[in-house]
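Novice: Compute the structure for the input listed below.
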Amino acid sequence: MPAPKKYSDELRERAVRLYRESEPKPSFRRLGEQLNVPPEALRNWVRQDEADRGVRVDRPSTDMVEENRRLARENAELRRVNEVLRAASAYFASEIGPTRRWS
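Specialist: Residues are numbered from 1 along each chain as shown. Here you go, the predicted structure:
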């Protein structure tokens, strides 16, 4: 179960929208003080929004991160299943007896 978010999604969206729509762009420190949010968190939110919109290519989009997590979970589950199958195969092979080699 993931940890609860410290800031609501609405606050994040509002902060990113305020930054994007402001002209000239405010500093992250000033905007963070106005919204009572750490400037580094605000900077990360803006960068992630830019990645999600395709403006930035130096970080993965949110969809890509979620897909990677899903694939990692699926991969771990398949590894567990393979271990069970290997153990079962070894067990049943020992029940049958030694393998016969045909020459």
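
Novice: can you give me the strands in the protein?
Specialist: Counting by DSSP state E, the chain forms no strands at all.

Novice: Would you mind finding the longest helix in it?
Specialist: In the chain, taking DSSP state H as the definition, the longest helix is helix 62-96.

Novice: quick check, distance from that helix to the centre of its chain.
Specialist: 20 Å (Cα atoms, centre = their mean, to the nearest Å).

Novice: buried set for it?
Specialist: By 16 or more other Cβ atoms under 10 Å, helix 62-96 has no buried positions at all. (C-beta placed from N, C-alpha, C; glycine too.)

Novice: Who are the packing partners of it?
Specialist: Applying 3 or more Cβ pairs under 8 Å, 6 or more residues apart in numbering; DSSP states H and E, we find helix 62-96 packed against helix 39-53.

Novice: mean confidence for the helix it packs on?
Specialist: Averaged across helix 39-53, the pLDDT comes to 95.

Novice: And that helix, what does it pack against?
Specialist: Contacts defined by 3+ Cβ pairs under 8 Å, 6+ apart place helix 39-53 against helix 9-21, helix 28-35, helix 62-96.

Novice: Dump the C-alpha coordinates for it into PDB.
Specialist: Extracted in PDB, the C-alpha atoms of helix 39-53 (Å, rounded to 0.1, in the frame of the first residue of the first chain):
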ATOM      1  CA  PRO A  39      10.300  24.900  -4.000                       C
ATOM      2  CA  GLU A  40      12.000  21.600  -4.900                       C
ATOM      3  CA  ALA A  41       8.600  19.800  -4.700                       C
ATOM      4  CA  LEU A  42       7.100  22.500  -7.000                       C
ATOM      5  CA  ARG A  43      10.100  22.200  -9.400                       C
ATOM      6  CA  ASN A  44       9.600  18.400  -9.600                       C
ATOM      7  CA  TRP A  45       5.800  18.800 -10.200                       C
ATOM      8  CA  VAL A  46       6.500  21.200 -13.100                       C
ATOM      9  CA  ARG A  47       9.200  18.900 -14.600                       C
ATOM     10  CA  GLN A  48       6.900  15.900 -14.300                       C
ATOM     11  CA  ASP A  49       4.100  17.800 -16.000                       C
ATOM     12  CA  GLU A  50       6.400  18.800 -18.800                       C
ATOM     13  CA  ALA A  51       7.400  15.200 -19.200                       C
ATOM     14  CA  ASP A  52       3.800  14.100 -19.300                       C
ATOM     15  CA  ARG A  53       3.000  16.700 -22.000                       C
END
